[in-house]
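1. Please find the sequence and the predicted model below.
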Amino acid sequence: MKIPVQPDVQRRQGNQVTPKKPTNFLAMVGPGILVAATGVGAGDLATAALTGSKLGLTVLWAVLVGAGLKFVLSEGLARWQLATGDTFLEGCVQHLGRPVQLLFLIYLLLWSFVVGSALMSACGVAAHAIYPIFEPKHGKIIFGLLHSALAVVIVRLGGYRLFEKTMSVCIAVMFVTVVTTAVLVKPSWVEVGSGLVQPAIPDIQGQGLDWTIALIGGVGGTLTVLCYGYWIREKGRAGIEDLKTCRIDLASGYVMTALFGIGMVILGSNINIGGKHKPAELVVLLANELELSLGSLGKWAFLIGAWGAIASSLLGVWQSVPYLFADYCNLTRSPKASATRHPVDTHSLPYRVYLYGLATIPAAGLWFNFEKVQKAYAIIGAAFIPMLAVALLILNGRSKLIGIPYQNSTLTNAVLVATLVFFILAGWFKI
């Protein structure tokens with residue numbers, strides 16, 4: 001099987017390409033950090049802050065559970081691709097049947113609209129808080145549309161390299177500022193420790209279970225975990241010998257995700273969203289609270305960090321999700337046409353059409369209530385997790401598909417089953 005030439009290729013030997021191996025830790029953890037940054041943003045900023053405001057520090061354990069589950073899921077996806085040479089989407093279509101292909105397209109379209117709306121809305125709110133030159137409701141719309149347009153320009157003109165560099169800047173800004181401000185507000189570390197190790201779901205106005213599920217589902221991304229396979233291909237990782245690198249890469253990314261999520265819950269627990277305050281004022285409320293305790297430096301540090309988190313998430317989704325649609329189109333033409341044998345071309349019509357559609361159609365959601373958009377985003381995203389767990393149990397559990405050395409371990413299967421049980425019970429009790 002021929003392996004396509006990638007940007008980070010070191011040398012060619014006949015029909016085989018030798019990937020350029022990472023020479024330092026930062027180079028090794030690139031795609032994992034991209035997954036973390038893409039999954040953070042609106043999911044961790046809005047959902048974690050709102051959950052912290054409503055439920056307090058007692059649900060910090062949910063952040064760890066969410067990050068841990070996403071690591072197991074992402075590692076399984078990477079293991080499948082490196083062992084078989086096929087994208088996980090192709091594996092599902094080939095071995096689970098055509099109905100899965102149709103179900104995926106329906107979910108992808110629904111997810112793209114809700115998530116696209118949430119990201120543009122969150123970018124608009126954050127940018128307006130930093131530079132409030134419009135009325136709040138107009139600022140959210142105008143800045144949201146501007147962020148979407150700028151992301152399209154970066155993706156179309158700069159390619160993967162400019163995308164990776166831009167994301168790196170946003171990631172550094174969001175992580176340092178948000179985690180630092182969370183420490184500086186001086187939360188009760190006893191309560192923080194208790195919330196991390198003593199699972200509890202407070203029943204506050206019947207919303208405790210909803211927000212806990214949303215927090216677990218939103219931490220670390222949902223559908224975007226599938227994009228990791230396309231990013232590691234951009235880095236030249238194409239064989240099972242790169243699995244160790246991917247595991248280190250993903251572990252680093254999800255540790256960062258967990259720390260960021262914990263920081264946002266802590267910050268959210270310091271405010272009370274209600275009364276005369278509208279949900280769309282969340283970022284301003286957090287910033288003003290920090291200004292009272294940390295001064296103007298704390299306020300602006302948080303605002304800039306919040307913007308970096310959301311902007312990186314939007315840019316990551318705009319760049320990566322069209323990969324999935326383009327890969328889907330390849331599979332529609334031929335189930336055997338994998339993205340590995342036929343690389344996803346970012347200049348192809350399917351990729352460009354989906355990018356432009358993602359950047360425009362979900363803008364209708366900018367006129368919706370901010371809190372409702374964010375909650376719908378997290379819950380719809382969380383619905384993807386049990387479906388992915390089932391697929392990983394089936395595909396990675398069959399040695400004839402993935403190979404005996406690389407099939408799921410007993411521990412991995414236990415975590416995947418626990419994921420299913422959790423979401424099934426949560427849905428049952430809610431109904």
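-> It's in.
2. so residue 386 is in which element?
-> Taking DSSP states H and E as the criterion, residue 386 maps to helix 370-395.
3. next structured bit after the lengthiest helix in the chain?
-> Looking across the chain with DSSP state H, the single longest helix is helix 282-333. Sequence order places helix 349-360 as the next helix or strand after helix 282-333, per DSSP H and E.
4. who touches that next one?
-> 112, 116, 148-149, 151-152, 155-156, 317-318, 321-323, 325-326, 328-329, 344-346 (CB atoms under 8 Å, 6 or more residues apart in numbering). Glycine gets a C-beta too; all of them are placed from N, C-alpha and C.
5. What of stretch 101-110?
-> 89, 92-93, 223, 321, 324-325, 328, 331-332, 380, 384, 387.
6. For PyMOL, write the select line for the buried members of those.
-> Remark: buried members of the contacts of stretch 101-110, expressed as a PyMOL selection using 16 or more other CB atoms under 10 Å:
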select buried, resi 89+92+93+223+321+324+325+328+331+380+384+387
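7. and residue 37, how far is that from residue 365?
-> According to CB to CB, to the nearest Å, residue 37 and residue 365 sit 22 Å apart.
8. who has more neighbours, the two?
-> A direct count of neighbours by other CB atoms under 10 Å for residue 37 and residue 365 places residue 37 higher, at 29 against 23.
9. Let me see the confidence value for that one.
-> At residue 37, the model reports a pLDDT of 79.
10. hmm, back to that, please convert the buried members of the contacts of helix 349-360 into PyMOL selection syntax.
-> With 16+ other CB under 10 Å as the criterion, this PyMOL line picks the buried residues out of those:
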select buried, resi 112+116+148+151+152+155+156+317+318+321+322+323+325+326+328+329+344+346
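11. who does the helix or strand hosting residue 230 touch, helix- and strand-wise?
-> Taking DSSP H and E as the definition, one finds residue 230 inside helix 228-234. For helix 228-234, the packing partners by 3 or more CB pairs under 8 Å, 6 or more residues apart in numbering; DSSP states H and E come out as helix 30-39, helix 60-84, helix 282-333.
12. Just the CA atoms of it, as CSV, please.
-> The C-alpha trace of helix 228-234 is given here as CSV (Å, rounded to 0.1, in the frame of the first residue of the first chain):
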residue,chain,number,x,y,z
TYR,A,228,-7.0,13.5,15.2
GLY,A,229,-6.4,10.9,12.6
TYR,A,230,-6.3,13.5,9.8
TRP,A,231,-3.9,15.7,11.9
ILE,A,232,-1.4,12.9,12.6
ARG,A,233,-1.4,12.1,8.9
GLU,A,234,-0.4,15.7,8.3
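13. Tell me, how many residues neighbour the nearest residue in space to residue 383 that is not next to it in sequence?
-> Leaving aside its chain neighbours, residue 383 sits nearest to residue 217 (7.6 Å; criterion: CB to CB, 6 or more residues apart in numbering). Here the number of neighbours of residue 217 (other CB under 10 Å) works out to 27.
14. any idea which element residue 217 lies in?
-> Per DSSP H and E: helix 208-218 holds residue 217.
15. and what of residue 187?
-> Assigned by DSSP H and E, residue 187 belongs to no helix or strand.
16. go on, the one 5 residues further on?
-> Residue 192 is part of helix 189-197, with elements assigned from DSSP H and E.
17. quick one: that helix to chain centroid distance?
-> 25 Å (CA atoms, centre = their mean, to the nearest Å).
18. cool, and stretch 168-181?
-> 16 Å.
19. Over to stretch 113-128?
-> 14 Å.
20. Likewise for stretch 305-318?
-> 10 Å.
21. what is the mean pLDDT for it?
-> Stretch 305-318 shows a mean pLDDT of 88 in the predicted model.
22. Also stretch 82-95?
-> Here the average pLDDT along stretch 82-95 is 88.
23. Could you list the buried residues of that stretch?
-> 82-94.
24. for stretch 92-107, same thing?
-> Of the residues in stretch 92-107, those buried (16+ other CB under 10 Å) are 92, 93, 94, 96, 100, 101, 104.
25. what's the most distant pair in those?
-> Greatest spatial distance among those (CB to CB): 94 and 104, at 12.9 Å.
26. where's residue 107 relative to residue 113, distance?
-> Distance from residue 107 to residue 113, by CB to CB: 11 Å.
27. right, I mislabeled it, should have said residue 386
-> 21 Å.
28. same deal with residue 60?
-> From residue 60 over to residue 113 the distance is 31 Å, taken as CB to CB.
29. more neighbours, those two?
-> Taking other CB under 10 Å, residue 60 and residue 113 do not tie; residue 60 has more neighbours (30 against 18).
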